[in-house]
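Novice: Need a 3D model of the sequence below.
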Amino acid sequence: MTTRAPTAVKPHRPRARRTLRQYIPPQHGAWAMLLVPWLAGVLTAGFRWPHVPLLGAWLAGYLASYYVFQAVKTRRPGRFRAQLVTYAIPTVLLGGLVVALRPPVLWYAPAYAGLLAVNAAYALRRRERALANDLASVAQSCLMVLVCATVAGAPLDRVLPAFLAATAYFVGTVLYVKTMIRERGHAGYYRASVGYHLAILALAAWFRAPVAILFAGLLARAAIFPRRRLTPKQVGIIEIVASVLLLVAIALG
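Specialist: Numbers count the residues shown, from 1 in each chain. Modelled structure (predicted):
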């Protein structure tokens, strides 16, 4: 009598994890660009309860737009129908509530429409990683600081320093992260990143001391870290810390 060796059982991913990956984009850095401007706006303009549905519409809108651009890129909209429906509904409902409560937020609609059109054009050409596309995304994110002020009924000049600090930070982060990952070893990107951070530090006299000190640290980061062998995970952790420090500097400033 012969016996058969037991067949190895291949591990199966839990269904919940597979489903989650279908509905959550693998864009980890995007969450900082979504949350930091909203938090900076709330910190400087003052919290009002309509900021809560604004955040919900903002997050759902990003998720919906991601899958819209995936549909544009692949030319297969049916493949993402479930995700589009899932995120379009809360975007419309929560966004409509914010508009009903604070109609002046509609003044930002043309700017967002134009920037989203830039994203769509790059998605159609399958060049989402292009620098101009990244900068358009930065502009969308940082406009949220001004939107938060409008929702709070605060004058825009109250949040202008936070808006400028967040914009300066994220533009620099786009250049810096490229030197760490996709453009590692590219001398032109390295010079652009360091040069940009030098220019921002030179202008930091317009900011309060906490923000100026942060940008001095960001300059050191841009100059030193590309010469080190850091993993993408390490780069991400450093950026999480930098984002938190940016919020602290904005709050102190």
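Novice: so what's Val138 scoring on pLDDT?
Specialist: Note on Val138: pLDDT of 96.
Novice: nope, Pro14 is what I meant
Specialist: Reading off the confidence values, Pro14 has pLDDT 63.
Novice: Burial check on His51, number of neighbours?
Specialist: His51 sits with 22 neighbouring residues when counted by other Cβ atoms under 10 Å. C-betas here are computed from N, CA, C, even on glycine.
Novice: Contacts only, for it.
Specialist: Residues near His51 by Cβ atoms under 8 Å, 6 or more residues apart in numbering: Trp38, Gly41, Val42, Cys148, Val151, Ala152.
Novice: The first one and Ala57 touch, don't they?
Specialist: Spelled out, it's Trp38. No: counting by Cβ atoms under 8 Å, Trp38 sits too far from Ala57 to count as a contact (10.8 Å).
Novice: Please say which of these two ends up with more neighbours.
Specialist: Under the neighbour definition other Cβ under 10 Å, Trp38 and Ala57 were set side by side, and Ala57 has more, 22 against 19.
Novice: centre of the chain versus the helix or strand in which that one is found, how much separation?
Specialist: Using DSSP states H and E, Ala57 sits within helix 51-74. How far helix 51-74 lies from its chain's middle: 12 Å, per Cα atoms, centre = their mean, to the nearest Å.
Novice: Who are the contact partners of Pro155?
Specialist: Taking Cβ under 8 Å, 6+ apart, one finds Ala149 in contact with Pro155.
Novice: rerun at 10 Å
Specialist: Ala45, Ala149 (Cβ atoms under 10 Å, 6 or more residues apart in numbering).
Novice: picking up where we left off before, with pLDDT as extra columns, can I get the contacts of His51 in JSON lines?
Specialist: Listed next are these as JSON lines, based on pLDDT from 0 to 100:
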{"residue": "Trp38", "pLDDT": "98"}
{"residue": "Gly41", "pLDDT": "97"}
{"residue": "Val42", "pLDDT": "97"}
{"residue": "Cys148", "pLDDT": "98"}
{"residue": "Val151", "pLDDT": "97"}
{"residue": "Ala152", "pLDDT": "97"}
